[in-house]
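*Asks:* Sequence first, predicted model second:
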Amino acid sequence: MDLILDASGSFSWVQGPSAAPVLSTGARRPTLDQPHPVHGSTPGNPEAEDVPAKAAGLSDPLDLYALGGPRLEIDPAAWAQIQFATAQLGDRRRTRRLVTLATQIAGDPSSSLPKQTQDWGDLRAAYRLLDRPEATFQVIAAPHWQLTADQAATGRSLILNDTTEIDFGPTRQATGLGPVGSGVGRGFLIHSGLMVHTHDEWIVGLAGQILFHRQPAPQGETRAQRRHRERESAVWGRLIEQIGPPPAAAQWIHVMDRGADDFEVHCRAQRLGADWIGRVKSRNRRVRDEAGREGPLSEVLARAPAAGGYTLALRARPGQPARRAKIEVSFAGVTVLVPRQPAASLKALAPQPIPQWVIGARELDRPAGLKEAIDGVLMTSLAVRTVEETLEVLG
């Protein structure tokens, strides 16, 4: 993204190469019309055998990623073997059944188990496996999480954190479900961390996931009682700790929405040596600026000078036409102070103030009658000292 600045620091507006900032100024998106090596069966011959490891130039038969470049397809059996062959289910026969079941599911992902399995014997075996106490979500998914971490052991990677609601509807006769959505539906939530390489925007895999149920706040709960109850926002910090620290040669950056705007979440990431970028929910938090002045974050943003800008193409929305928004960005270094009344879980971490950078992005020259102009704030552990670094974090 090109920016034009003069010697005094003034800037002129330019249209970047995309409608929004990109993950990395050096990112290269792979295209499907480029020739790439493919492992597994081909469209023309679904029964073709796997490419031999030596012929493919692999040092490890399971190291399909060593082929390099986008993998356009893979044989379901080979995929299942890679993902689940090391699952610790207490019996090798259960692990083999898991690989068989995963192969069948991968062959028809949108169908139900009776359609995915080949016969009644396979279906009964699947039910027996899933009914075993050893076959937990954590145990089954752990091999994939480890493969993802291994493929992000060097360089810079993003971990995109967010929660998905799995809604079975209000009338499904099933146990183990909780309220979702507005409270009418029943289901569960799954909080995921999706690993993405920044240099090519390639999706590596899921670095971790947590299943949980929404717990409604007790009626009449006091503020003191709330501080001692685990809140739903704690799942952001739990996922960061489940994923763990990055290897010495890697930088892992957790990208989070406003649900993670919590001092404890940042504290847990800092303790593990991970970085983060998160949207700000509250601008009233106490911070200390680089001059040593303490006050709300909103005052620091108000004092921060404009550092640059870009134009953003926005699609039409209900009651709002498509437009090209002129976005002005600013940044400042701050130290976020420990909350005056920390929750018990935060106290257990012996927290200290956390140095961070704050980035503001607000829309200028907003059209008359516009209901919602762009006005966003990010907090990040990444050093932001230039316009280019600011736009990279925004991207």
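*Replies:* Perfect, I can see it now. Everything numeric in this text was worked out from a predicted model, so none of it was measured.

*Asks:* For K371, the count of nearby residues, please.
*Replies:* 9 (other Cβ atoms under 10 Å). Every residue, glycine included, has its C-beta placed from N, CA and C.

*Asks:* in a strand, that's where it is, yeah?
*Replies:* No - assigned with DSSP: H, G, I helix; E, B strand; the rest coil, K371 falls outside any strand and is coil.

*Asks:* who's in contact with it?
*Replies:* G319, Q320 (Cβ atoms under 8 Å, 6 or more residues apart in numbering).

*Asks:* any idea how far it is from R323?
*Replies:* As defined by Cβ to Cβ, to the nearest Å, K371 lies at a distance of 12 Å from R323.

*Asks:* Name the residues contacting each of those two.
*Replies:* Counting by Cβ under 8 Å, 6+ apart, nothing touches both K371 and R323.

*Asks:* Which SSE is immediately downstream of the helix or strand containing A269?
*Replies:* Element membership of A269 [criterion: DSSP states H and E] is helix 263-272. Downstream of helix 263-272, the first helix or strand assigned by DSSP H and E is strand 275-279.

*Asks:* From the contact counts, what lies against the helix holding A269?
*Replies:* helix 234-243, strand 275-279, helix 344-347, strand 354-364 (3 or more Cβ pairs under 8 Å, 6 or more residues apart in numbering; DSSP states H and E).

*Asks:* who's the spatially most central residue of the chain bridged to?
*Replies:* The residue lying closest to the centre of the chain (Cα atoms, centre = their mean) is L160, at 1.5 Å. On the basis of DSSP bridges, L160 is bridged to L194, V255.

*Asks:* Local confidence estimate at it?
*Replies:* At L160, the predicted lDDT confidence score is 98.

*Asks:* List the contacts of it.
*Replies:* Counting by Cβ under 8 Å, 6+ apart, L160 has contacts G193, L194, V196, V255.

*Asks:* Can you report how many residues neighbour the closest residue to D365 other than its chain neighbours?
*Replies:* In space, D365 comes closest to K326 once its chain neighbours are excluded; the distance is 5.6 Å by Cβ to Cβ, 6 or more residues apart in numbering. Neighbourhood size, K326 [other Cβ under 10 Å]: 16.

*Asks:* Would you mind measuring from K326 to G309?
*Replies:* K326 is 7 Å from G309, by Cβ to Cβ.

*Asks:* Does the residue nearest to D365 belong to a helix, a strand or coil?
*Replies:* strand.

*Asks:* May I ask you to confirm that it is in contact with L364?
*Replies:* Yes - contact criterion Cβ atoms under 8 Å: K326 and L364 qualify, at 4.8 Å.

*Asks:* intersection of neighbour lists for these two?
*Replies:* G309.

*Asks:* picking up where we left off before, of the helices and strands packed on helix 263-272, which is nearest R317?
*Replies:* strand 354-364 (14.1 Å; Cβ to Cβ).

*Asks:* buried residues in the helix or strand just after that closest one?
*Replies:* Sequence order places strand 375-380 as the next helix or strand after strand 354-364, per DSSP H and E. Neighbour counts over strand 375-380 (16 or more other Cβ atoms under 10 Å) mark V377, L378, M379, T380 as buried.

*Asks:* Quick one: low-confidence residue ranges for the protein.
*Replies:* 1-73, 227-229 (pLDDT under 70).

*Asks:* Show me how it divides into domains.
*Replies:* Per automatic domain parsing, the domain ranges recorded for the chain read 1-32+280-395, 38-71+73-151, 152-279.

*Asks:* Where do the helices of this protein begin and end?
*Replies:* 53-56, 76-84, 92-107, 113-116, 120-130, 137-151, 223-228, 234-243, 263-272, 297-303, 344-347, 387-394 (DSSP state H).

*Asks:* What are the contacting residues of the helix holding A269?
*Replies:* 233-234, 236-237, 240-241, 244-246, 254, 256, 275-276, 278, 285, 336, 338-339, 342-343, 345-346, 349, 351, 354, 356, 379, 381.

*Asks:* Equivalent analysis for stretch 241-259, please.
*Replies:* 145, 149, 152-163, 193, 198, 207-208, 210, 232-233, 236, 240, 260, 265, 268-269, 272-281, 382.

*Asks:* And that stretch, end to end?
*Replies:* Using Cα to Cα, to the nearest Å, one end of stretch 241-259 lies 17 Å from the other.

*Asks:* Can you list the buried residues in that stretch?
*Replies:* Q242, I243, P246, A250, Q251, W252, I253, H254, V255, M256, G259.

*Asks:* quick one: which two of these are the most distant?
*Replies:* Counting by Cβ to Cβ, the most remote pair of the buried residues of stretch 241-259 is A250 and G259, 25.3 Å apart.

*Asks:* check contacts around R172.
*Replies:* Counting by Cβ under 8 Å, 6+ apart, the residues that R172 touches are R186.

*Asks:* Let the chain start at 716 from now.
*Replies:* Yes, from this point I'll number from 716; that puts the last item at R887.
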